[in-house]
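Peer 1: dropping a prediction and its sequence here:
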Amino acid sequence: MSTLASHRKPRSLSGVRTASPAVGITTAALASVTLLSAQSASAAPVDPKPSMEEVQKKVDDLYRQAGSETQKYNKAKEATQKQKRGVDRVLDEVAKRADKLNEARRTLGSFAAAQYREGAVTPTAALLFADSPQAFFEQKQVTDRLTERQRGVLADYQTQQAAAAKKRTQASKDLESLNASQAALRTSKQNVQQKLGAARALLAKLTTEEKARLAALERKKEEEARRKAEAQAKVEARAKAEAERKRKEQQAQTPSTGTDTSSGTGTGTGSGTGDTGTGTGTGTSGGTGTSGGTGASDGSYATKAAKVLAFARAQIGKPYVWGATGPSSYDCSGLTQAAWKEAGVELPRTTWEQVKAGTRVATGDLLPGDLVFFYDDISHVGIYIGDGMMIHAPKPGANVREESIYYMPIYGSIRPA
């Protein structure tokens, strides 16, 4: 056995040796890939930090969106309150109908009990047992009337029953509508809070230096709006002066006209409406003049506008609170609604409805008291006070104040009354 074993061919290790370089290459390749991956990851582009102009635009847009959501909230809140009042009225009517139904049911029950106690008696038997035919016929008339009354009570019961069922159905539908409005109210509230939270979070990330730069941009924006307002004020002043000049010219060109007759004998003074004449015999003199003035409609609007502006100025300094209608705080449409209410004019609650509540006027034709609306979504409104300026409740964190109407993009304007 040992001789045979000595002649065995040694086992070749060439396969192992040829595999070794491959393992080394694979390991190196993997290492290279890992290194390249790490380098690629480290070299991945990073989003650049937004400029202050972009931050300002983003914050303004978030506040505008919050304003739009506030109007949705106001609309849903108004609808909810209105529907709740309607549901309460319907439920009161349902309760009243139920009382009437129960009363009719008790009356029918008393009739049924009476018939049960007395039992059913045929007309022949009643005639036989009656004291006299006259008594029978008198009793029969009473019974007939009683039967008619029973039929009336039964008909009334059926009417009340149908009415009660109808009111219950209406109450059910109104409650469903109320629940839908309340859900919309909750959603709008959440959306407002989300937009405002996003704006606050964006501002909170800014450094002290960045906040100062943002404030400088805000001042620049305000100054540009102020310059436009001053230009508008000059235009209005020229227009006012021209209107006054034309009025005076018209008044000067309008001749005094009129007739008066005065008489006297000898030397005397005649009397009448107009001039005083002196003469012998009969003379005439006169002159009742006419003059132009301001139209009654303009005067009426100016009177209302004065009340509106007085109220609005009294609110300056009070905080903006979304959904608020006063008296301690306001949102933009809450302020305009409260101000015009002071002048006896009831405006709708939201900007979207207020913009339809008057006569449209061009920016160049604005008068104090007019309402100016902003942004394409009509999410903001202010009260024009003249010279390109307005009083408005701006946004969360700000107070009611005077500001140029050119601070925001103008959508349009109306004259409420």
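Peer 2: Okay, I see it. Numbering: from 1, shown residues only.
Peer 1: can you give me the helices in the stretch 251-400 of the chain?
Peer 2: In the stretch 251-400 of the chain, the segments counted as helices under DSSP state H, counting those that start in this stretch are 296-314, 332-342, 351-354.
Peer 1: and the shortest one, what other elements does it pack with?
Peer 2: Counting contacts by 3 or more Cβ pairs under 8 Å, 6 or more residues apart in numbering; DSSP states H and E, the secondary-structure elements packed against helix 351-354 are helix 52-118, helix 332-342, strand 371-374, strand 380-386. To be clear about C-beta, it is placed using only N, CA and C from the backbone, and glycine gets the same treatment.
Peer 1: between those, which one is nearest to residue 323?
Peer 2: Of all the helices and strands packed on helix 351-354, it is helix 52-118 that lies closest to residue 323, at 5.6 Å by Cβ to Cβ.
Peer 1: that closest one vs strand 380-386, what angle?
Peer 2: Orientation check (axes from the mean of the first three to the mean of the last three Cα atoms, to 10 degrees): helix 52-118 against strand 380-386 gives 110 degrees.
Peer 1: for helix 52-118, which helices and strands make contact with it?
Peer 2: Here helix 52-118 touches helix 133-204, helix 208-253, helix 332-342, helix 351-354, going by 3+ Cβ pairs under 8 Å, 6+ apart.
Peer 1: before we move on, back to that, of the helices and strands packed on helix 351-354, give the one that comes closest to residue 397.
Peer 2: helix 52-118 (9.1 Å).
Peer 1: now the closest one: mean pLDDT?
Peer 2: The average pLDDT within helix 52-118 is 80.
Peer 1: pLDDT weak spots in the protein?
Peer 2: 1-47, 108, 111-147, 149-151, 153-154, 255-298 (pLDDT under 70).
Peer 1: ok, and for stretch 392-405, which residues are buried?
Peer 2: Neighbour-count burial for stretch 392-405, counted by 16 or more other Cβ atoms under 10 Å, picks out 392, 393, 394, 395, 396, 400, 401, 403, 404, 405.
Peer 1: which of the residues you listed sits closest to residue 230?
Peer 2: residue 404 (8.7 Å).
Peer 1: list the beta-bridge partners for that closest one.
Peer 2: residue 389 (DSSP bridges).
Peer 1: could you dump the helices of the stretch 251-400 of the chain to TSV with mean neighbour count?
Peer 2: What follows is the helices of the stretch 251-400 of the chain, written out as TSV (neighbours: other Cβ atoms under 10 Å):
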stretch	mean neighbour count
helix 296-314	16
helix 332-342	24
helix 351-354	22
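Peer 1: among those helices, which comes closest to residue 86?
Peer 2: Checking the helices of the stretch 251-400 of the chain against residue 86 by Cβ to Cβ gives helix 351-354 as the closest, at 19.1 Å.
Peer 1: quick check: which of the helices and strands packed on helix 52-118 is nearest to residue 52?
Peer 2: Minimum separation from residue 52 across these (Cβ to Cβ) falls at helix 208-253, 4.7 Å.
Peer 1: which strands and helices sit next to the closest one?
Peer 2: So helix 208-253, by 3+ Cβ pairs under 8 Å, 6+ apart, packs with helix 52-118, strand 401-404.
Peer 1: for the last one, packing partners?
Peer 2: Strand 401-404 makes packing contacts with helix 208-253, strand 389-392 when contacts are defined by 3+ Cβ pairs under 8 Å, 6+ apart.
Peer 1: could you identify which of those is most buried?
Peer 2: strand 389-392 (a mean of 24; mean count of other Cβ atoms under 10 Å).
Peer 1: how many other residues sit next to residue 174?
Peer 2: For residue 174, the neighbour count with other Cβ atoms under 10 Å is 18.
Peer 1: can you tell me, leaving aside adjacent residues, what's nearest to it?
Peer 2: residue 87 (4.6 Å; Cβ to Cβ, 6 or more residues apart in numbering).
Peer 1: ok, residue 67 next?
Peer 2: Closest to residue 67 by Cβ to Cβ, 6+ apart is residue 379, at 4.0 Å.
Peer 1: so which of the helices and strands packed on helix 208-253 comes closest to residue 340?
Peer 2: The nearest among the helices and strands packed on helix 208-253, by Cβ to Cβ, is helix 52-118 at 15.8 Å.
Peer 1: what's the angle between the closest one and helix 208-253?
Peer 2: On the basis of the same axes, to 10 degrees, helix 52-118 is oriented at 80 degrees to helix 208-253.
Peer 1: helix 52-118 to helix 332-342, inter-axis angle?
Peer 2: Going by the same axes, to 10 degrees, helix 52-118 makes 60 degrees with helix 332-342.
Peer 1: can you count the residues close to residue 346?
Peer 2: Residue 346 - counted by other Cβ under 10 Å - has 9 other residues nearby.
Peer 1: and it, how far from residue 383?
Peer 2: Computed with Cβ to Cβ, to the nearest Å, the distance linking residue 346 and residue 383 is 16 Å.
Peer 1: if we can go back for a sec, redo the helices and strands packed on helix 208-253 as TSV? Include distance to residue 361.
Peer 2: As requested, the helices and strands packed on helix 208-253 are arranged in TSV below (distance: least, Cβ to Cβ, whole Å):
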stretch	distance to residue 361
helix 52-118	22
strand 401-404	18
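Peer 1: these: which one's closest to residue 176?
Peer 2: For the helices and strands packed on helix 208-253, distance to residue 176 was read as Cβ to Cβ. The smallest value, 10.0 Å, belongs to helix 52-118.
Peer 1: could you check the angle that closest one makes with helix 133-204?
Peer 2: Relative orientation of helix 52-118 versus helix 133-204 (the same axes, to 10 degrees): 160 degrees.
Peer 1: ok so, going back, how close does the residue nearest to residue 67 sit to residue 351?
Peer 2: Distance, residue 379 to residue 351, using Cβ to Cβ: 6 Å.
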